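Asks: Sharing a sequence plus its predicted fold:
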Amino acid sequence: MRNPLFTAAGLTLALTTVSCSSLHQNAVKQAADAAGVDSIKSIEFSGTGRWYQFGQAPSPDLPWPPFAVKSYTADINYETASARVQISRLQEIEAGRNRPVPTEQKVDQYISGNVAWNLAPPAANATTPTVTPQPAASAERAAEIWATPQGFLRAAQTHQAKSEAKGENTEVSFTVAGKYRYVGTLNAEHQLTNVKTWIDNPVLGDTLVETRFSDYKAFGGAEFPSHIVRLAGGFPVLDINVNSVKANLPVELPIPAEAAKKPSVVVAANKLADGVYYLTGGTHHSVAIEQKDHIVLVEAPLNEERSLALIEKLKETIPNKPIKYLVNTHAHFDHSGGLRTFVDAGATIVTHDPNQSYYQTIWSNPHSINPDRLEASKKTAKFESFAGKKVLSDGKRSIEIHSLADNSHNDAFIAVYLPKEKILVEADAYTPPAANAPAPSSPNPYSVNLYQNIQKLKLDVKQIAALHGPRVVTLADLRNAIGITKAAR
């Protein structure tokens, strides 16, 4: 048997007996001994490679977009089930796509128990970092702790793991918190080669997260995988070459008071015109448009909690009218996470052609980890998909829905235009900055493309209700943002 990974002081957590098949009953213990589980309270590993933006594929059939990782450092405390991950990354430009000029992004993310948060540099005139609660990320970040070699083997010994021979390998499985299943593979050398677990996602439902370990090497005289690949939703989300591993460094991660507060879901209705309401109150917005006997709602972002709040707000803002249509701008998860709630509520989903088959496929996945309303009702989704242009009219008010052609942000991308009110509703193509903010040093190509589409479609736009950003703006604001002067108009 190989020496333990590290020879630091022993941990204090009592280990329980593992329930295994008679053939491979010692496999977990042998692997735990080889990995030094008994002596490791915390671990830090660092490396470089790639990170991929989960849920932001530019087309439903494409992988998550890649970022080059200059540095990646994970600090994990197994005794407190806490972790800090720091990443310095830069978006890579895929062939054939016109992306904004990449800038280095520094990520500082945390979890302790079931509380997840991010830290950002201090805001203007502040001296302390900004804490942003991340409750939706807690399950994923916890999975990252228990999917490390030492974390998995530690959890296997404390959760009555079952072991089963698979040829020369051993499959080890257990369940955490009554609903998170973990399945790992140990090879003949007692090395953990992969871990599979499932977490909830509002769009994908029960989502497989698989972590693969390979190229075990000596670090400080013992072994740890030098290559780690993680996949989620069928595509890579992380690919790291490990160049440093340390054990039992101090990892103390107290939970900030702000992180423990669950963000409230607030929806404010701001009237843009008669029967047109800008629904704000968070990072993502929607627009409600009243027609003769129903409501058309543009966008159901984030998750079911947000969608339920939108439904309640519309009951008081436009009473006694059902939401007949839900217009979806594109399939990015932050803009489609609340769609299933409106399917359950009976709305018809209006979206660009390629998205319909994608939604029909993924919405057939089980949602057993965190069941939503559609999981309970099992209603069949109704769609009106289109390409080019679609009009929703009640004879009095027309709502035009236009494809945004050739926009590199997304290949199945739409904007909504109200010709009578001269209001454009769009997401992600242009996000207005705060008032009086300086113009960007270089124009965002998504915004340039939006302006080109407006000109090509001959839309007379007076107001832009962006589904991100702090305010409603005018077409002149968009022109200024992309560097079009008055003389050039």
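Replies: Thanks, I have it. Residues are numbered from 1 along each chain as shown.

Asks: Sketch out the low-pLDDT regions of the stretch 201-350 of the chain for me.
Replies: 221 (pLDDT under 70).

Asks: what about the strands in it?
Replies: With strands called from DSSP state E, counting those that start in this stretch, the stretch 201-350 of the chain shows them at 205-219, 222-232, 235-247, 268-273, 276-280, 286-290, 295-298, 323-327, 348-352.

Asks: For residue 114, find the nearest of those.
Replies: Smallest distance to residue 114 across those (C-beta to C-beta): 17.1 Å, for strand 205-219. In this view, the C-beta of every residue, glycine as well, is placed from N, C-alpha and C.

Asks: residues making contact with the closest one?
Replies: Strand 205-219 is contacted from outside by 5, 140, 143, 147, 149, 189, 191-201, 223-234, 242, 244-245, 362-363, 365-369, 375, using C-beta atoms under 8 Å, 6 or more residues apart in numbering.

Asks: In ChimeraX, how would I select the buried members of the residues you listed?
Replies: Applying 16 or more other C-beta atoms under 10 Å to the contacts of strand 205-219 leaves a buried subset, and the ChimeraX line that selects it is:
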select :5,140,143,147,149,191,192,193,194,195,196,197,198,199,200,201,223,224,225,226,227,228,229,230,231,232,233,242,245,362,363,367,369,375
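
Asks: does residue 379 sit in a helix or strand, and which one?
Replies: Using DSSP states H and E, residue 379 maps to neither a helix nor a strand.

Asks: Could you count how many residues lie near it?
Replies: 13 (other C-beta atoms under 10 Å).

Asks: Looking at the strands of the stretch 201-350 of the chain, which is nearest to residue 135?
Replies: Among the strands of the stretch 201-350 of the chain, the nearest to residue 135 by C-beta to C-beta is strand 205-219 (16.8 Å).

Asks: Name every strand pairing with that closest one and say which way it goes.
Replies: Take DSSP bridges as the rule and strand 205-219 pairs in its sheet with strand 192-201 (antiparallel), strand 222-232 (antiparallel).

Asks: Could I get the buried residue list for it?
Replies: Residues 205, 206, 207, 209, 210, 211, 212, 213, 216, 219 are the ones in strand 205-219 that count as buried (16+ other C-beta under 10 Å).

Asks: so what's the fifth one bridging to?
Replies: Counting by DSSP bridges, residue 210 is bridged to residue 196, residue 231.

Asks: Could you check how far it is from residue 267?
Replies: Counting by C-beta to C-beta, to the nearest Å, the gap from residue 210 to residue 267 is 37 Å.

Asks: same thing with the third one?
Replies: Computed with C-beta to C-beta, the distance linking residue 207 and residue 267 is 27 Å.

Asks: Then the second one?
Replies: Residue 206 sits 28 Å away from residue 267 when distances are taken as C-beta to C-beta.

Asks: Ok, which of the strands of the stretch 201-350 of the chain comes nearest residue 453?
Replies: strand 348-352 (13.6 Å).

Asks: Could you name the helices and strands sitting against that closest one?
Replies: strand 323-327, helix 339-344, helix 353-362, strand 382-386 (3 or more C-beta pairs under 8 Å, 6 or more residues apart in numbering; DSSP states H and E).

Asks: Let me have the ones you listed in a markdown table, adding distance to residue 40 as columns.
Replies: A markdown table is the format used below for the helices and strands packed on strand 348-352 (distance: least, C-beta to C-beta, whole Å):
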| stretch | distance to residue 40 |
| --- | --- |
| strand 323-327 | 49 |
| helix 339-344 | 41 |
| helix 353-362 | 38 |
| strand 382-386 | 51 |
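
Asks: Tell me which of those lies nearest to residue 417.
Replies: Residue 417 sits nearest to strand 323-327 of all those, at 11.4 Å, using C-beta to C-beta.

Asks: angle of the closest one against strand 382-386?
Replies: Strand 323-327 runs at 40 degrees relative to strand 382-386, counting by axes from the mean of the first three to the mean of the last three C-alpha atoms, to 10 degrees.

Asks: Which other helices and strands does strand 323-327 contact?
Replies: Using 3+ C-beta pairs under 8 Å, 6+ apart: strand 323-327 touches strand 295-298, helix 339-344, strand 348-352.

Asks: Any chance of CSV for the ones you listed, columns distance to residue 160 and mean neighbour count?
Replies: Output for the helices and strands packed on strand 323-327, formatted as CSV (distance: least, C-beta to C-beta, whole Å; neighbours: other C-beta atoms under 10 Å):
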stretch, distance to residue 160, mean neighbour count
strand 295-298, 47, 24
helix 339-344, 34, 24
strand 348-352, 43, 23
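
Asks: would JSON lines of the ones you listed with distance to residue 153 be doable?
Replies: As requested, the helices and strands packed on strand 323-327 are arranged in JSON lines below (distance: least, C-beta to C-beta, whole Å):
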{"stretch": "strand 295-298", "distance to residue 153": "48"}
{"stretch": "helix 339-344", "distance to residue 153": "37"}
{"stretch": "strand 348-352", "distance to residue 153": "45"}
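
Asks: Of all those, which one is nearest residue 424?
Replies: Closest to residue 424 of these, according to C-beta to C-beta: strand 295-298, at 10.8 Å.

Asks: partners of the closest one in the sheet?
Replies: Going by DSSP bridges, the partners of strand 295-298 are strand 286-290 (antiparallel), strand 323-327 (parallel).

Asks: low-confidence ranges in the stretch 351-489 of the chain?
Replies: Looking at the stretch 351-489 of the chain by pLDDT under 70, you get 486-489.

Asks: got the residue ranges for the helices in it?
Replies: 353-362, 373-377, 445-457, 475-481 (DSSP state H, counting those that start in this stretch).

Asks: Next: the stretch 51-200 of the chain.
Replies: Using DSSP H, counting those that start in this stretch, helices in the stretch 51-200 of the chain cover 138-146, 149-158.

Asks: can you tell which of the ones you listed is closest to residue 300?
Replies: Closest among these, using C-beta to C-beta: helix 138-146, at 21.7 Å.

Asks: now the closest residue to residue 128 other than its chain neighbours: how far from residue 129?
Replies: Excluding the flanking residues, the one nearest residue 128 by C-beta to C-beta, 6 or more residues apart in numbering is residue 122, at 5.8 Å. Residue 122 sits 6 Å away from residue 129, taking C-beta to C-beta as the criterion.

Asks: who's more crowded, the two?
Replies: The residue with more neighbours, out of residue 122 and residue 129, is residue 129; 14 against 11, by other C-beta under 10 Å.

Asks: pLDDT value on the more buried one, please?
Replies: pLDDT for residue 129: 94.

Asks: just the one 10 residues further on next, same as before
Replies: Here, the pLDDT recorded for residue 139 equals 97.

Asks: again with residue 10
Replies: 33.

Asks: thought residue 305 was touching residue 265?
Replies: Yes - taking C-beta atoms under 8 Å as the definition, residue 305 is a contact partner of residue 265 at 5.4 Å.

Asks: ok, so what distance separates residue 80 from residue 131?
Replies: The spacing between residue 80 and residue 131, counted by C-beta to C-beta, is 18 Å.

Asks: and the two? which has more neighbours close in?
Replies: Applying other C-beta under 10 Å to residue 80 and residue 131 shows that residue 131 carries more neighbours, namely 18 against 15.

Asks: contacting residues for residue 176?
Replies: Residues in contact with residue 176 (C-beta under 8 Å, 6+ apart) are 142, 146, 155, 159, 182.

Asks: Could I get the buried residue list for stretch 57-66?
Replies: Applying 16+ other C-beta under 10 Å to stretch 57-66 flags 57, 58, 60, 63, 64, 65, 66 as buried.
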